[in-house]
Each structure stands twice: as C-alpha cells, then as structure tokens.
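Chemist: build me a model from this:
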Amino acid sequence: MPLCRFLGNGLWEVRSSLPGKRIARIIFCTTQGYMILLNGFIKKTQKTPQAELDLARTRQREVQS
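Modeler: Below is the predicted model of the structure:
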C-alpha cells in the first residue's frame, strides 16, 4: 500500500507503522496551498473507523469555511 492515500471528498491519509506492530494514521486535507492535519489515531482494526472519518470531515468543514 502507498504511504499516502486519497480517501475522497478532499481527504487524504498518511500511513505509518510504529513499534510493537501498531499502525498510525493521520488524516489531512489541503486548502489554499496549505496541508491541514485534521485527525490522528492508532488503528485497532483493518478498516478506518467511521467515527474517525466523521471527525476529520467535521474539522475539514470548519477550516474550509
């Protein structure tokens, strides 16, 4: 898998492996030439939790308004 992946609706995900077989994710968007970090979390399941995506989308709307 790539280190950075498009999630749709202007959201991107950066993937990182941590010690102890943990996996971290940072969700971000870009606006006006800036990269805005919206949410970061440690994944506990294979699929990205919907609550994490919803939080990132809420924050995205706040910074792009």
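Chemist: alpha carbons only: can I get stretch 19-36 in PDB?
Modeler: Extracted C-alpha coordinates of stretch 19-36, given in PDB (Å, rounded to 0.1, in the frame of the first residue of the first chain):
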ATOM      1  CA  PRO A  19       7.000  -0.200  17.100                       C
ATOM      2  CA  GLY A  20       5.000  -3.000  18.700                       C
ATOM      3  CA  LYS A  21       3.100  -3.800  15.400                       C
ATOM      4  CA  ARG A  22       0.900  -0.700  15.900                       C
ATOM      5  CA  ILE A  23      -0.300   1.400  12.900                       C
ATOM      6  CA  ALA A  24      -0.900   5.100  13.000                       C
ATOM      7  CA  ARG A  25      -2.900   7.200  10.600                       C
ATOM      8  CA  ILE A  26      -3.100  11.000  10.000                       C
ATOM      9  CA  ILE A  27      -6.000  12.400   8.000                       C
ATOM     10  CA  PHE A  28      -5.400  15.700   6.300                       C
ATOM     11  CA  CYS A  29      -6.800  18.000   3.600                       C
ATOM     12  CA  THR A  30      -5.200  20.800   1.600                       C
ATOM     13  CA  THR A  31      -6.600  24.300   1.200                       C
ATOM     14  CA  GLN A  32      -5.100  27.500  -0.200                       C
ATOM     15  CA  GLY A  33      -1.700  25.800  -0.600                       C
ATOM     16  CA  TYR A  34      -1.600  24.500   3.000                       C
ATOM     17  CA  MET A  35      -1.700  21.000   4.400                       C
ATOM     18  CA  ILE A  36      -4.200  20.900   7.300                       C
END
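Chemist: now that stretch: how far from the chain's centre is it?
Modeler: On the basis of CA atoms, centre = their mean, to the nearest Å, stretch 19-36 sits 5 Å off its chain's mean C-alpha point.
Chemist: stretch 12-24 now?
Modeler: How far stretch 12-24 lies from its chain's middle: 11 Å, per CA atoms, centre = their mean.
Chemist: all the helices of the chain, residue numbers only.
Modeler: Listed in chain order, the helices of the chain (DSSP state H) span 50-64.
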